[in-house]
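A.B. asks: No letters, just coordinates:
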DNA sequence: GTCGGGTTTTGATGCATATCAAAAGATAGT
DNA sequence: ACTATCTTTTGATATGCATCAAAACCCGAC
C-alpha cells in the first residue's frame, strides 16, 4: 500500500505548501519506504547511525535523552505530520531515543534524498530549514518553561500546546486523550510524577479541566492561559 | 578592511573543512559585510525581521527569550566561530534577543546567499544542516541539565563546557574569564544568582576551582567531571 | 583619590517541590 | 472473572533552592 506525499492528507504539515502537481510528483521521491512501529518500540536509539529523517504518518512518539546514571529526560512529544531524527544530522548518529507511545507508521526519508532534492527545489530547501529552526525555537521556549515557570504554569502551558497541535490536526479543541504517562509528562516538564498528578487534581478542583485517567477535558481555556501568563498581555 | 573567509583563522569553526582553494573563493560570497557590535548592544531583537545569519568573528554574545511579564531566560552564550540567528528562519523574524557581552565583530551572512550557495555546494549544505542539528542537540542537553540536575551539577557542567569550547579556540584549558554576570549564568542554568554565587564559593572552598570575580581557575577538572557524572561511567 | 552605582558574597528564613509511603484504580494476562 | 502489575492519587515529611536583607567588593566617573 503505497501512499505518496502528493496524495497524503498530512501534506500541508510535513511538506511545503506551494507546490505544483508536477513538482509534487518529484517530491514523492524523498520518501523511500514506510515503517510500522508498535507501541513501546523504538524507532531509533541514542548512538545508532543516522540515515534518515522520519515523518510521522500516524501515531505518537516521545524522544528522550538520558544521564549516564540512567535518569531520563523526555525532550519532546511528536504527532502526525511532525518530523523526527534531526538530532542525528550533526554527528551522523542519533543522540536521543524515539519511542512510539501508540502504534505508529512513519515515512522513512533517507537524508541523502532530502539533501539532493533540496538542492533542486528551493522551496523544499527552505522547508527543511524552517523545520529545523522551528525545533530550535521550540526548545528555546522549553528552556524558558523549565527554567522560569512553576509547576502549575508548566502543566497549563503543556496542555494548551497539546490541544493546539491536536486542533491543527482536526481534533477537538477541548478534549485530549493523553498518550503519555504522568511520569513522562513530568520528565518533559522537569518535575516529578506526583507533582504532575497534584497539578491535575488542582486544576480539576478549580473546575478548569476535567480529568479521568488519560482523558482531559478543557473546561476553561481562558483560565489555563491566565495561569501561563497572569498579566494577560501579549 | 575586508577579511575573506578563505583567509580567516576561524574558517575551520564556521565553514566546512573540506574545501578547495577554488571553492573557498566562491564561499567568500556568503559574507556580505561585517558589523561591529559594542558591549551591551543588541545584534538583533525578538520580533525583528530575519534577513541574515551571523558568524561571530570576535567577541562574546548571549541570546535570550522573555516571558510576557519580563522575566528573562538566557538560551545560550556564543563565542568566536559560532553562528547565531538560526531561530529567525522559521517565521522570518527573530524569536530571541542577541546581546554582545563584550565588543564584537560579526560576519553578516544574508540567508538568501547561504541558501543559494548551499544548493551549489553540497558540502556547504551539509554544513548548514549540521550547525542547525548541533544547536538542536545542545538544547536537548540543556533540557536535561535544567530538568534533571541540581544546582552544583549544573554549574560544574557549565564550566566544563565553557572551558572546553575556549580550549578549542586556543585558550587555556584551566583558566576562564567569564564574560557574563552571575545573574546571566543563573538565568541560563535555571537558578538564581545567589545560588550561582554559593556554588562558586562551595567549589572554591573545596579547592576545585579558584574564583576571583570573573576569573575562574580550574584546579581539579576531574572533580568537576565527577560532580556532573558521579558514577564516572561513559 | 573619592564618590556612587552596580555586582557579588553571605546569612537567615520561607516555600515549592521532591521524597517517602500507602492506598486506590486501571490494565493485561491466564 | 481473577490475579498480578503498573499507574495514579493522596498524604506526611524533608530539603534544595528562592527570597529577603545587608554587607563587602569592584569599577568607572569626576
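C.D. replies: Everything's here; your move. Bear in mind that the values here come from a model prediction, so they are computed numbers and not experimental data.

A.B. asks: What's the separation between residue A:228 and DNA strand C?
C.D. replies: 13 Å (C-beta to the nearest atom of the strand, to the nearest Å). (C-beta placed from N, C-alpha, C; glycine too.)

A.B. asks: Does that residue touch residue A:160 like I think?
C.D. replies: Yes - the pair residue A:228 and residue A:160 passes the contact test of C-beta atoms under 8 Å, sitting 6.6 Å apart.

A.B. asks: Of those two, which one has the most company?
C.D. replies: Using other C-beta atoms under 10 Å in any protein chain shown as the criterion, residue A:228 and residue A:160 rank with residue A:228 on top: 20 against 16.

A.B. asks: The helix or strand bottoming out on mean pLDDT in chain A near chain B at all?
C.D. replies: Within chain A, confidence by mean pLDDT, DSSP states H and E is lowest for helix A:21-27 among all helices and strands, at a mean of 80. No - if you take C-beta under 8 Å from any C-beta of the partner chain as the test, helix A:21-27 misses chain B, and the best it gets is 15.3 Å.

A.B. asks: That helix: which residues count as buried?
C.D. replies: In terms of neighbour count (16 or more other C-beta atoms under 10 Å in any protein chain shown), helix A:21-27 has its buried residues at A:23-24, A:27.

A.B. asks: mind putting those residues in JSON lines, distance to residue A:11 included?
C.D. replies: What follows is the buried residues of helix A:21-27, written out as JSON lines (distance: C-beta to C-beta, whole Å):
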{"residue": "A:23", "distance to residue A:11": "12"}
{"residue": "A:24", "distance to residue A:11": "8"}
{"residue": "A:27", "distance to residue A:11": "9"}
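
A.B. asks: show me the contacts for the spatially most central residue of chain A.
C.D. replies: Chain A has residue A:78 as the residue nearest its centroid, 2.2 Å off, counting by C-alpha atoms, centre = their mean. By C-beta atoms under 8 Å, 6 or more residues apart in numbering or on different chains, the contact set of residue A:78 is A:56, A:60-63, A:84, A:98.

A.B. asks: right, and the helix or strand after the longest helix along chain A?
C.D. replies: Secondary structure of chain A per DSSP state H: the longest helix is helix A:122-148. Next helix or strand after helix A:122-148 toward the C-terminus (DSSP states H and E): helix A:151-168.

A.B. asks: show me where chain A has strands.
C.D. replies: A:33-37, A:42-44, A:52-66, A:72-79, A:83-84, A:97-110, A:175-177, A:209-212, A:215-218 (DSSP state E).

A.B. asks: How about residue A:227: what's its closest non-neighbour residue?
C.D. replies: Distance criterion C-beta to C-beta, 6 or more residues apart in numbering or on different chains; nearest residue to residue A:227, sequence neighbours excluded, is residue A:156 at 4.1 Å.

A.B. asks: Distance of residue A:118 relative to DNA strand C?
C.D. replies: Going from residue A:118 to DNA strand C by C-beta to the nearest atom of the strand gives 41 Å.

A.B. asks: circling back: can you pull the contacts of the residue nearest to the residue nearest to the centre of chain A when sequence neighbours are not counted?
C.D. replies: Residue nearest to residue A:78 in three dimensions, not counting chain neighbours: residue A:61, with 4.5 Å by C-beta to C-beta, 6+ apart. The contact partners of residue A:61, by C-beta under 8 Å, 6+ apart, come to A:43, A:77-79, A:84, A:98-101, A:104.

A.B. asks: Residue A:81 and residue A:10 touch, don't they?
C.D. replies: Yes - using C-beta under 8 Å, residue A:81 is in contact with residue A:10, at 4.4 Å.

A.B. asks: Look up the residues that both of these two are in contact with.
C.D. replies: Common neighbours of residue A:81 and residue A:10 (C-beta under 8 Å, 6+ apart) are residue A:55.

A.B. asks: where are the low-confidence patches of chain A?
C.D. replies: By pLDDT under 70, the low-scoring segments of chain A are A:1-2, A:19, A:232-234.

A.B. asks: and which of the contacts of residue A:61 is nearest chain B?
C.D. replies: Chain B has its nearest neighbour among the contacts of residue A:61 in residue A:84, at 10.9 Å by C-beta to the nearest C-beta.

A.B. asks: do you know how far the closest one is from residue B:134?
C.D. replies: To residue B:134, residue A:84 is 17 Å away according to C-beta to C-beta, to the nearest Å.
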